[in-house]
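**Q** sequence plus the predicted model coming up.
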Amino acid sequence: RFNKWKKESKIQSSMVRFTPARLNRKNRTDFPSMGSKAIQGKVMTFWLCDVAVKFAEREGATDLDRLVAACIHTYADVLKMMDEFPLLLSEEQAEKIFSVGQVHLLSYARLRKLSHEATGSQSLNRSMWLLLPKHHHMMHMLETTRETRVNPRFYTLLCGESFMGIISRMGRLVHRSTVSKRVAERYLAKLGLFIRTRYALG
């Protein structure tokens, strides 16, 4: 289903295969892990959003189904806005990211509360939606975005991983005795070409 969705959405992804070991960790203390980088997690978010929304729109959907869909949909919306909006946000754009992100945080917190209240080993939604440091970090990110109106896309993990990918490729192409100097030179040349092309300078 994921591969079919990728093809229909025209999205490229090198996501690893969905195997039982990666999707289900029974009797483990940590979350299942697909072993993916941040960009693959982003693609997964968009797919899960599509699946959750369709599931919540079906006949007979429960309030819990709709709450899960709202939680994932608002998170995906924040990611999409970060991709579409420029570096410097307008007041309206910053407020939109903040308000949609707040709905995501509140819906996630509500899911956590419902999960905590669920009793019985077979109860639906039991022992899920752990509150992790990322939840708190996102709250601060949203507040900073609202205050500074700087798009968080330019200083979050995705941006950092992209930078590390560029640097590592450059480092593999130079001799180890001059790696520091040559990587810095190549990166400055790449940055200069990007600015010249992006802003049509000279």
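**A** Ah, there it is. Remember, it's a predicted structure, so these values are computed and weren't measured experimentally.
**Q** so who does A69 touch?
**A** By Cβ atoms under 8 Å, 6 or more residues apart in numbering, A69 lies in contact with C49, A52, V53, F55, A56. Bear in mind the C-beta positions are built from the backbone N, C-alpha and C, glycine included.
**Q** what sits closest to the third one if chain neighbours are left out?
**A** Just to be clear, that refers to V53. A69 (5.0 Å; Cβ to Cβ, 6 or more residues apart in numbering).
**Q** work out for me the element the residue nearest in space to the middle of the chain sits within.
**A** With distances taken as Cα atoms, centre = their mean, K42 lies nearest the centre of the chain, 4.2 Å away. For K42, the host element (DSSP states H and E) is helix 38-56.
**Q** what about the longest helix in the chain?
**A** helix 91-117 (DSSP state H).
**Q** buried residues in that helix?
**A** For helix 91-117, a neighbour-count test (16 or more other Cβ atoms under 10 Å) marks 93-94, 96-98, 100-105, 107-108, 111-112, 114-115 as buried.
**Q** so where's the protein uncertain?
**A** 20-38, 157-162, 199-202 (pLDDT under 70).
**Q** just the strands in it please.
**A** For the chain, no strands are identified by DSSP state E.
**Q** who's in contact with H175?
**A** R182.
**Q** should've said W47
**A** Contacts for W47 (Cβ under 8 Å, 6+ apart) come out as F2, W5, K6.
**Q** ok, the first one - contacts?
**A** In this case it means F2. Counting by Cβ under 8 Å, 6+ apart, F2 touches M15, F18, W47.
**Q** need those in CSV with distance to R146, can you?
**A** Supplementary listing: the contacts of F2 in CSV, determined by distance: Cβ to Cβ, whole Å:
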residue, distance to R146
M15, 33
F18, 37
W47, 29
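**Q** and of those residues, the nearest to T178?
**A** M15 (36.7 Å; Cβ to Cβ).
**Q** now the spatially closest residue to that closest one that is not a sequence neighbour: how far from I11?
**A** Of all residues not flanking M15 in the chain, Q40 sits nearest, at 5.0 Å (Cβ to Cβ, 6+ apart). Q40 is 11 Å from I11, where distance means Cβ to Cβ, to the nearest Å.
**Q** so the two - more neighbours on which side?
**A** Higher neighbour count among Q40 and I11: Q40, with 15 against 12, using other Cβ atoms under 10 Å.
**Q** that one touches K6, doesn't it?
**A** No - here Q40 lies out of contact with K6, judged by Cβ atoms under 8 Å, at a distance of 11.3 Å.
**Q** what residues are shared contacts of the two?
**A** Both Q40 and K6 are in contact with S13, where contact means Cβ under 8 Å, 6+ apart.
**Q** got the end-to-end distance for stretch 123-134?
**A** 26 Å (Cα to Cα, to the nearest Å).
**Q** distance from it to the middle of the chain?
**A** When C-alpha coordinates are averaged (Cα atoms, centre = their mean, to the nearest Å), stretch 123-134 and its chain have centres 18 Å apart.
**Q** what are the buried residues along it?
**A** N125, W129.
**Q** cool, and stretch 166-182?
**A** M170.
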